[in-house]
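*Asks:* quick one: sequence plus predicted model below, questions after.
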Number of protein chains: 2
Amino acid sequence: MKKISKKTIERAFVYIRTLKSLLKDKEDYISSQELADILGTTDVQIRKDISYFGKVGIPGKGYEIRELETTLEKFILQKNIVRVVLFGVGNLGTALLKYPEFNKDRIKIIAAFDRDNRKIDKKINGVKIYSLKKVSSVIKKEKVDIGIIAVPKECSQNVANLIVRAGLKGIVNFAPVSIQVPDDVTVKNIDFSIEFLALFCNSNVAKAKQKNL
Amino acid sequence: MKKISKKTIERAFVYIRTLKSLLKDKEDYISSQELADILGTTDVQIRKDISYFGKVGIPGKGYEIRELETTLEKFILQKNIVRVVLFGVGNLGTALLKYPEFNKDRIKIIAAFDRDNRKIDKKINGVKIYSLKKVSSVIKKEKVDIGIIAVPKECSQNVANLIVRAGLKGIVNFAPVSIQVPDDVTVKNIDFSIEFLALFCNSNVAKAKQKNL
DNA sequence: TGGACTTCGTTAAAAATTTCACGATATTAT
DNA sequence: ATAATATCGTGAAATTTTTAACGAAGTCCA
C-alpha cells in the first residue's frame, strides 16, 4: 500500500466536508466530475485521490455519497478526536474559541491559556482559561494533541517553548513570526498578511489593479 | 526571465517578514544558511528562491539584509498596497479588523459589510461597516482588490456572488464551504478545521497520540 | 599579496504531484 | 440479452518542485 501524500490528505478533508453537506440533499450518488465541478478541480484529481483509500466507486454511476464519506473519514482519522489547546485569548483567540465548526468536525478545544490574570478562570464558550503556569499539568492530564499560538508575536517563541516542553508534537502558529522547534515537532503557520499578499500576487488581482489605474 | 512559482512567492513573503525583523539587530549581513536555520528550511531552498529575484548575494559573506529585503519587496509588490474589504463582522471578522499587522505590511482594510442593521455605520478600529446594499458602490469607488468572506457558511455563496458581480478578482474565504466563482477569480480557502486536522494527520501528532493511549 | 575558506548562483538529478490515456466494469435503454 | 453509454481505477507521461553537486566569486587573515 502506497503512502498517501500530504496534499491528498488535505484534499480528502475538503471532500469529506463537501460530502457531509451533500448528504442533506436527495441524491445518493455523485460522480467524480460532479464533485470536481463543485470544488473547482478536475475529475481525475478526485479519482486519483480517492483511489488511495480503496475502490469505492461504481463505474457508470459514481460514488455513494455516504459510503465515500465514511470511508475517507475512517481511513484518515480512524476514531480520533483532535484535542487542542489555545494560547492567547485576544481577539483572534476569542474568535477561535467561538468558532462554530469546532466541537463538531472532530476537533475539541480542551483549554485556553492567557497571561492576563483578569481572564484566568473565566470561561468562553465553555472553555476554561488557565494561567500559563498550568500548561504542563493541563496538557498532561487532558491528552492534548496540538497547541494553537494566538499570542502577540513578541511572546510566540516563549509560548512555543512551553508547548514543546509539555511534549506536544503539533503547533498551529498564527503569530506572524517563525518559531524554532525541534525536528519532531510540526508547525503549521497561518499568517493572514502573507495569505492576502500571496493571493494578490499569485492571481490576476494585481493585473486587474494595473488596468484600473 | 523565468516565471516565478507560487511557492517561491509565498516563501518570499516569509523572507521579507524575517528580514524586516532582522533589520532591528546589529548585523548587516546574513547567509542563506543562517536564514534557513531561523526559518526551519534549507540554505539551498533559500538561494534558489532568491536567485529568481536577481543576484544580490555576496559570495563568502551572504546577503545584505536591507538590500535583500527591498529587492524582494520591490520585485514582488512594486509599490502596491493591497486593498481589501471584509464581509461579515462577527467574531472572526472583528478579529481581522483588529489584527495589528494590517495597515502595516501593505494591506489596508478599506471597509466592512454586514447584514445586521445594528452594526451598520459603526466603526471598528477605524473601519466603517456598511450595508450589503453599498457593496458595489464602495468597491468601485475605493479601488478594492480582494474580498474577505467571514460570514456564516450559509451565506457565503451569496456573498461570493456579490463580490464577483462587483468585479473583484480575488477572494479569501474563511467559510468552511467551497464557493463557486468564474475562472478568472481566484479563491484562497482558509478552513481552520482542515488546517488542524491535516496537521494532525500529516505529522507525528497522531503517532504521539497512539503511544499515549 | 596569496592562499584557505566561505558562500553564492546555477545546472543537473531526484522526488513529488498532476495530468493524460485508456482498459475495465457497471448501468441503462432497447 | 445486447449494445451504447457513463464512469471508475490506474499505469505511464508530463510537469512542478525540491535537493544535490559544484564551479565561481568574494572574504579574511597571515
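*Replies:* Sure, I can see it. Computed from a prediction, not measured in an experiment: that's the story for all the values here.

*Asks:* going forward, measure contacts and count neighbours with C-alpha atoms only.
*Replies:* Noted.

*Asks:* how about the residues of chain A that lie near DNA strand C?
*Replies:* Residues of chain A lying close to DNA strand C by CA under 7 Å from any atom of the strand are A:Ser5, A:Lys6, A:Lys7, A:Thr8, A:Thr42, A:Val44, A:Gln45, A:Lys48, A:Ile58, A:Pro59, A:Gly60, A:Lys61.

*Asks:* need the contact list for the second one.
*Replies:* A:Lys6 makes contacts with B:Ala198, B:Asn202, as judged by CA atoms under 8 Å, 6 or more residues apart in numbering or on different chains.

*Asks:* pLDDT below threshold where in chain A?
*Replies:* A:1 (pLDDT under 70).

*Asks:* so where do the strands sit in it?
*Replies:* Shown for chain A, the strands assigned by DSSP state E span residues A:29-30, A:57-58, A:62-64, A:82-87, A:107-113, A:123-124, A:127-130, A:146-149, A:170-173, A:186-189.

*Asks:* among those, which is the most enclosed?
*Replies:* Ranked by mean neighbour count, the strands of chain A are led by strand A:146-149 with a mean of 27 (mean count of other CA atoms under 10 Å in any protein chain shown).

*Asks:* now check that strand, is it near chain B?
*Replies:* Yes - interface with chain B: strand A:146-149 contributes A:Ile146 (CA under 8 Å from any CA of the partner chain).

*Asks:* circling back to that earlier point, dump the strands of chain A to TSV, plus distance to B:Asn158.
*Replies:* Shown next, in TSV, are those (distance: least, CA to CA, whole Å):
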stretch	distance to B:Asn158
strand A:29-30	24
strand A:57-58	32
strand A:62-64	28
strand A:82-87	32
strand A:107-113	28
strand A:123-124	30
strand A:127-130	32
strand A:146-149	31
strand A:170-173	30
strand A:186-189	30
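
*Asks:* mind putting the ones you listed into a markdown table with distance to DNA strand D?
*Replies:* Shown next, in a markdown table, are those (distance: least, CA to the nearest atom of the strand, whole Å):
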| stretch | distance to DNA strand D |
| --- | --- |
| strand A:29-30 | 6 |
| strand A:57-58 | 4 |
| strand A:62-64 | 4 |
| strand A:82-87 | 27 |
| strand A:107-113 | 28 |
| strand A:123-124 | 38 |
| strand A:127-130 | 37 |
| strand A:146-149 | 24 |
| strand A:170-173 | 19 |
| strand A:186-189 | 14 |
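
*Asks:* tell me the domain ranges of chain A?
*Replies:* A:6-74, A:82-195 (automatic domain parsing).

*Asks:* highest average neighbour count across the ones you listed?
*Replies:* Compared across those, domain A:82-195 shows the largest average neighbour count, a mean of 19 (mean count of other CA under 10 Å).

*Asks:* what is the end-to-end distance of it?
*Replies:* 25 Å (CA to CA, to the nearest Å).

*Asks:* how far off centre is it?
*Replies:* Domain A:82-195 sits 13 Å away from the centroid of its parent chain (CA atoms, centre = their mean, to the nearest Å).

*Asks:* stretch A:30-41 too?
*Replies:* 22 Å.

*Asks:* CA atoms only: put it into PDB for me.
*Replies:* Taking C-alpha atoms only, stretch A:30-41 is exported to PDB below (Å, rounded to 0.1, in the frame of the first residue of the first chain):
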ATOM      1  CA  ILE A  30     -22.100  11.700  -7.100                       C
ATOM      2  CA  SER A  31     -19.600  11.300  -9.900                       C
ATOM      3  CA  SER A  32     -16.100  12.500  -9.800                       C
ATOM      4  CA  GLN A  33     -17.000  15.000 -12.500                       C
ATOM      5  CA  GLU A  34     -19.900  16.500 -10.400                       C
ATOM      6  CA  LEU A  35     -17.700  16.700  -7.300                       C
ATOM      7  CA  ALA A  36     -15.000  18.400  -9.300                       C
ATOM      8  CA  ASP A  37     -17.400  21.000 -10.600                       C
ATOM      9  CA  ILE A  38     -18.500  21.800  -7.000                       C
ATOM     10  CA  LEU A  39     -14.900  22.100  -5.800                       C
ATOM     11  CA  GLY A  40     -13.400  23.800  -8.900                       C
ATOM     12  CA  THR A  41     -10.900  20.900  -9.600                       C
END
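
*Asks:* in chain A, which spans are helices?
*Replies:* Assigned by DSSP state H, the helices in chain A fall at A:6-22, A:32-39, A:43-51, A:65-77, A:91-97, A:135-142, A:156-165, A:192-201, A:205-212.

*Asks:* the ones you listed: which one's closest to B:Asp37?
*Replies:* In terms of CA to CA, the element of the helices of chain A nearest to B:Asp37 is helix A:156-165, at 14.6 Å.

*Asks:* and the contacts of that closest one?
*Replies:* Contacts for helix A:156-165 (CA under 8 Å, 6+ apart): A:87, A:135-136, A:147, A:149-150, A:171, A:175, A:177, A:179-181, A:185.

*Asks:* alright, I will stop here.
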